[in-house]
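Colleague: below are the sequence and a predicted model for it; my questions follow.
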Protein chains: 4
Amino acid sequence: MSELKYYGIAEITKKHIFGRLCRQKDPLPLLFNGSGIEVVVTGSDLWIDLETDNDFHEPWVAYELNGAFMGRQMLLAGEHSLCLFRNMEPSTPKRVRFYRELQAMSEDEKCKVLVKGLRLDGEFMGVPVYDKKIEFVGDSITSGEGTYGEITDTDWLAMYMSVSQNYATMTAKALNADFHFISQGGWGVYCGWDNDVRHNIPSVYEKVCGLATGPANEAMGTQEMYDFSTWPSDAVIINLGTNDASAFNMPPLLNPEDGKMYAQRRNADGSHNREDILKFENAVSSFLKMVRKNNPKAVIVWCYGMLGIDLLLPITEAMNEYKNETGDNNVFFFQLPNTNSETFGAHMHPGVKAHEAAARELVGFLKEKLGI
Amino acid sequence: MSELKYYGIAEITKKHIFGRLCRQKDPLPLLFNGSGIEVVVTGSDLWIDLETDNDFHEPWVAYELNGAFMGRQMLLAGEHSLCLFRNMEPSTPKRVRFYRELQAMSEDEKCKVLVKGLRLDGEFMGVPVYDKKIEFVGDSITSGEGTYGEITDTDWLAMYMSVSQNYATMTAKALNADFHFISQGGWGVYCGWDNDVRHNIPSVYEKVCGLATGPANEAMGTQEMYDFSTWPSDAVIINLGTNDASAFNMPPLLNPEDGKMYAQRRNADGSHNREDILKFENAVSSFLKMVRKNNPKAVIVWCYGMLGIDLLLPITEAMNEYKNETGDNNVFFFQLPNTNSETFGAHMHPGVKAHEAAARELVGFLKEKLGI
Amino acid sequence: MSELKYYGIAEITKKHIFGRLCRQKDPLPLLFNGSGIEVVVTGSDLWIDLETDNDFHEPWVAYELNGAFMGRQMLLAGEHSLCLFRNMEPSTPKRVRFYRELQAMSEDEKCKVLVKGLRLDGEFMGVPVYDKKIEFVGDSITSGEGTYGEITDTDWLAMYMSVSQNYATMTAKALNADFHFISQGGWGVYCGWDNDVRHNIPSVYEKVCGLATGPANEAMGTQEMYDFSTWPSDAVIINLGTNDASAFNMPPLLNPEDGKMYAQRRNADGSHNREDILKFENAVSSFLKMVRKNNPKAVIVWCYGMLGIDLLLPITEAMNEYKNETGDNNVFFFQLPNTNSETFGAHMHPGVKAHEAAARELVGFLKEKLGI
Amino acid sequence: MSELKYYGIAEITKKHIFGRLCRQKDPLPLLFNGSGIEVVVTGSDLWIDLETDNDFHEPWVAYELNGAFMGRQMLLAGEHSLCLFRNMEPSTPKRVRFYRELQAMSEDEKCKVLVKGLRLDGEFMGVPVYDKKIEFVGDSITSGEGTYGEITDTDWLAMYMSVSQNYATMTAKALNADFHFISQGGWGVYCGWDNDVRHNIPSVYEKVCGLATGPANEAMGTQEMYDFSTWPSDAVIINLGTNDASAFNMPPLLNPEDGKMYAQRRNADGSHNREDILKFENAVSSFLKMVRKNNPKAVIVWCYGMLGIDLLLPITEAMNEYKNETGDNNVFFFQLPNTNSETFGAHMHPGVKAHEAAARELVGFLKEKLGI
């Protein structure tokens, strides 16, 4: 190893950043699951310097070397300098992707991962140019909840979530696509799993990272409006509806913001209350308009089914209404394979095999729609 | 082997018959793919006596011993006496299912398979009682086209179709269900693959076997109205829409019955013509009413996707309309996995692996809906 | 269809014959499992004319169209004319392989399948030229016993054996190899599963078809010495030892030919009696000499393990002794994957999945050894 | 979280230690790959305190929660306090296994991992009692080389080795077995891959950790004779021979210890030189004696084949010689499935799928031999 030289993140021009960017660029916040940095370097050793913080939910990170998963660990609050590789053959270019495993944590204002810089004894080379840009919008499934952990584990913890074993990442890799995530466990398109109407993804979609609240996050610009033109997506994959379906089985919940009780109701015969279904459907079609407005060229695919298809017909009813109203023909519904007894992961969520199955089907569909 | 004794089909009371029955019971016509006879017998040898006829499309038959596929062959016009097993241990009960591989042939009036009787040196035992009754309604996919034959084979021939390697049979077996088939290659719910509006399954659904025409078939009662109360189904699986989707890519076709040209059209931008989509959707919702009328208790599942999902949103739009109009909540849409380069069979149709994948997903869904 | 024209088997020059040939060529006896005839033809219809006979064990046959399995049936004693395809597009060449599923039956002198000729409305084209020649020598595993039938079936019957779902055929196909079978259920290299010392494959290996006895078979030349130079093999796969292993668990058996009792014994501690192991090992090394003498260029691979590896070390001890004595370095041992609870077929024999697993491993090894 | 309490490793009585123990117990050295500590605890948070050192080859560690892989990281020289879980439901017992991923490094005297203690806000519960004890003896395959990393990676680095994705660990888990590893990449039973005769596993087998040299290691007792009676194994799996086979393709090598050149030679026809094969075979049979002396009750299984079977017959020749000389009947040879183009990992070594395939076969065999 030669002497390592430190490069502040801002002075590294040859890098690829995954995930939405906020105003603050130095140090670089990794706001979402999948947010990360990729470089191609010569040299024998590479280190990354980070600053992290958290309260209840500690961030997890992982990294790949030349496309292969290499390590995964939690990072507790503080300054970190992690070695990503050492003693490698210096002249061969190495591609390294370092990324956040944990979703943006709406329940932990302190949770953050900042990349300050890299230390290296080689040169930065040109970085990968991806063929497509895909945004994945979802809930705990897209946050990879349960992709780590034993099937009997039931705590709701950061460590069970991942990008490293996730249908979205698998799909993007198979299509050589750059990707953005915006997902939150427990959230829906109209309301959360427990009838919390504040927990809807559309309310945060147009902000840089609406999920990251509190003064520290706001200071970085997370609550500003996101400029979608900086990363014009080729496809937006929406995987929402699973928590909206759960809400129909839960008791009413008080929304502290307006002091009202909210509940998605079932009829006496067990069927969904039509009025409440229409609330959900309005949320679906409104969200499609919002996504289309911000992603004018994108194939929009509403995926659903990894944890049942209770709301399949309402989702498609709303999609049809949206299509009829707007004439938008670049919107599709796609059912993903259900998780079964052989594919469950931790916490009654899809495991790795369920994510692999979903990716296999979705990749086939996207290849056709993206002309790959 | 002791002396074989002949039993006319009518005198065998301990038998299970698969498939819709027509007025003629002796000899027993196997009208549809999957139509067959099942017995449990002691004795060392069992034979079946048949009479078959055909013009272009010869019938194929297959049989199982104790649930395992044993043989498959074509039967050309004439009288046949086939040995189903011989020299087996006499006292052990053997279960044998003999069935028609080939769909009802709307294009071959002479095509028929009649079971005249069995020859046996043992006793007839009680036959299986299945837990559920499932009707499968479909096109070439449900007729198993391409489940036999090499991927490069492109002729349209009887021998490539089967029940022995078919998602519908696999699904029924996994659920211990009795099953009826009514399927026809090239047909749709509104029109056939080539815009032939006569080739729609609803037009034949309520007849005993509307697909089997001509004087000989009519004499057996195939064109009479079917009495659905004789076999009250627990589930009806409709797998239609693939040919309706093809029609949008085909030139107009003359319907000789009314002398008019028919075509499902695309708009200049490639999207489906709305007027024509509504014709299709009307056919879907009307068919759902017809199916519901005749199957009051059944879970109705519209399956789609083994050869693409071009009409997924129109199908669900029609289903939602049907649901809203009728309040019927026992109707579901279910997307089946698409066929891919590793799962194609002959003639650009799903191969065995595609049928296995479809059955795997469908079984999971039906278990939930049928409370199994 | 044009008029069919009959071609006697002898006048068809463009044909490929699988399996050892005997003196009688017209009609052509299919002596072994896998023995068959392959042609490439134009025309719309193809028929095959056969004469068969049997006592207890009826022959089964199967056929492929363009490499894909199409049909399988038993043939009872008599004259048969089977249609192999009809109404196909006439100008496209079709490749058809018709073959015997059932092993040569040492216990049924009458069992035979004779090919008399073909009937066709097209032309015979050039036939496939295979890259390699492989001889498979074995017992019930190589006879495909259990590849058809339900796992609970326990009769010992012709219908459970096959070539159509068999590791040997799968291996040959993957290597584009012509193949010969010589296998017999229950037989070993030294003795049969029940200590019958007459049931050893080496005693019949050098005859054309030593397994086919009785006046009718002898008249065809089955008991004559086989001329190995007519089909110089590139590889000989010996899959023997499973029945020799069983013999150690069975009571002594009287050999009616010499009036003596024979038994492979175990020691008090359950280990194999050394003296008896040496009898087995002598049989192994002697057989290797016999195989080498007749197949001077062949890679010889002793495969073992689909039903346990009790005699693995004795087999390799004999192989090493043979190698040391002869200096023959073109002899290899190869363990095949064991059959497990998920891969068993009928009659406690390897099922299709076990055969697939064996072929997968063996193909990899043979590619290396045959330089493919 | 309550206050964390520190427990020195020596005061924790309720723990299970994986891997051979040396004289030094506090702090506890994790000498081998797979060496680790397992506890079952209540409480919300668990930390482990470590001290590590290294020169070129940094140690990697990984850990499991309730049997599921959770994290994996490198540890550079220094003191570490790693959080293994936090904020979990306090009353539920959690099982944690923390272990060394990296083999004992014969080439890095400084490489070490010491466990100093745990910090916890709960109670230690009873630890798992494993049904069997299995020792795995091997080379780079057993060190899991290539189970991490991209197929194109070719550096020889610590990070590509693992216990977390390793046939040995998978096998032990499937059998609910405690396990010891002793493996070293590049080493053989007679010589290393490059003809280095010092690199033979028998020379280090009887020492506590003969691979760990230098003053620091020796001070912990690694070079002392290991007392096998402290952990009487039920099975010893030897997976050696792959590097001995490579040696026949390599140039002669100087042994600095005696100043002589060593080479395993091939004959002019490419076959192995008999004299050199006998050196190898002597090493095999001598090693079997050594293993048996130290493991009197163990089933000894020589596994081979994940990277070819060049020396299969020599290994079995030596095994047969050993058996004949000693009368030991509890010794077996077992061929593992070869790695193929779909199962390779990094650095031309078996990848995860190859390890899974090997474990699947080996588990079946061991179940039979261990009477499970």
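Modeller: Structure received.

Colleague: so which residue of the stretch 1-150 of chain A comes closest to chain B?
Modeller: Of all residues in the stretch 1-150 of chain A, A:Ile141 sits closest to chain B, at 16.7 Å by Cβ to the nearest Cβ. To be clear about C-beta, it is placed using only N, CA and C from the backbone, and glycine gets the same treatment.

Colleague: ok, that residue - how many residues close by?
Modeller: In terms of burial, A:Ile141 registers 30 neighbours under the definition other Cβ atoms under 10 Å in any protein chain shown.

Colleague: same question for the one 3 residues further on.
Modeller: Close neighbours of A:Gly144, defined as other Cβ under 10 Å, add up to 32.

Colleague: so what's A:Trp231 up against?
Modeller: A:Trp231 is in contact with A:Arg20, A:Lys133, A:Asp178, A:His180, counting by Cβ atoms under 8 Å, 6 or more residues apart in numbering or on different chains.

Colleague: which one of those sits closest to B:Arg198?
Modeller: A:Lys133 (47.2 Å; Cβ to Cβ).

Colleague: I'd guessed the closest one sits against A:Thr230; true?
Modeller: No. At 10.7 Å, A:Lys133 does not count as touching A:Thr230 under the criterion of Cβ atoms under 8 Å.

Colleague: ok, the two, which is more surrounded?
Modeller: Between A:Lys133 and A:Thr230, counting by other Cβ under 10 Å, A:Lys133 is the more crowded of the two (19 against 8).

Colleague: show me what counts as buried in stretch A:47-58.
Modeller: Across stretch A:47-58, burial judged by 16 or more other Cβ atoms under 10 Å in any protein chain shown covers A:Trp47, A:Ile48, A:Asp49, A:Leu50, A:Glu51, A:Thr52, A:Asp53, A:Asn54, A:His57, A:Glu58.

Colleague: need the max-distance pair from these.
Modeller: Across these (Cβ to Cβ), the longest gap, 25.6 Å, separates A:Trp47 and A:His57.

Colleague: tell me how far A:Asp53 lies from A:Ser164.
Modeller: When distance is defined by Cβ to Cβ, to the nearest Å, A:Asp53 is 22 Å away from A:Ser164.

Colleague: could you pull out the helices for chain A?
Modeller: Using DSSP state H, the helices of chain A run over A:167-174, A:202-205, A:215-220, A:242-247, A:274-294, A:312-326, A:352-369.

Colleague: how many neighbours does the residue in the stretch 101-250 of chain A positioned nearest to chain D have?
Modeller: In the stretch 101-250 of chain A, no residue comes nearer to chain D than A:Glu150, which is 4.0 Å away by Cβ to the nearest Cβ. For A:Glu150, the neighbour count with other Cβ under 10 Å is 20.

Colleague: skipping adjacent residues, who's closest to A:Gln165 in space?
Modeller: A:Thr147 (4.2 Å; Cβ to Cβ, 6 or more residues apart in numbering or on different chains).

Colleague: ignore the last one, A:Asp153
Modeller: A:Ala346 (4.2 Å).

Colleague: does that neighbour touch A:Ile151 like I think?
Modeller: Yes. Under the criterion of Cβ under 8 Å, A:Ala346 makes contact with A:Ile151 at 6.2 Å.

Colleague: of those two, who's got more company?
Modeller: More neighbours surround A:Ala346 than the other of A:Ala346 and A:Ile151, with 25 against 17 (other Cβ under 10 Å).

Colleague: ok, the more buried one to chain C distance?
Modeller: Between A:Ala346 and chain C the distance is 26 Å, computed by Cβ to the nearest Cβ, to the nearest Å.

Colleague: what does A:Glu361 give?
Modeller: Distance from A:Glu361 to chain C, by Cβ to the nearest Cβ: 24 Å.

Colleague: just A:Leu312 next, same as before
Modeller: 33 Å.

Colleague: if I pick the spatially closest residue to that residue that is not a sequence neighbour, what's in contact with it?
Modeller: Distance criterion Cβ to Cβ, 6+ apart; nearest residue to A:Leu312, sequence neighbours excluded, is B:Phe333 at 5.7 Å. By Cβ under 8 Å, 6+ apart, B:Phe333 lies in contact with A:Ile309, A:Leu312, A:Leu313, A:Thr316, B:Val301, B:Trp302, B:Tyr304, B:Ile315, B:Thr316, B:Met319.

Colleague: spell out which parts of the stretch 201-350 of chain A neighbour chain B.
Modeller: By the rule Cβ under 8 Å from any Cβ of the partner chain, the part of the stretch 201-350 of chain A lying against chain B is A:269-271, A:305, A:309, A:312-314, A:316-317, A:319-320, A:323, A:329, A:332-335, A:337-338, A:340.

Colleague: apply 10 Å and report the result again.
Modeller: Where the stretch 201-350 of chain A comes near chain B, counting by Cβ under 10 Å from any Cβ of the partner chain, the residues are A:267, A:269-272, A:274, A:281, A:304-305, A:308-310, A:312-321, A:323-324, A:327-341.

Colleague: so out of everything in chain A, what residue is nearest chain C?
Modeller: Nearest to chain C in chain A, going by Cβ to the nearest Cβ, is A:Glu342, at a distance of 13.1 Å.

Colleague: pretty sure that residue is touching A:Gly351, no?
Modeller: Yes. Proximity of A:Glu342 to A:Gly351 meets the contact threshold set by Cβ atoms under 10 Å, at 8.9 Å.
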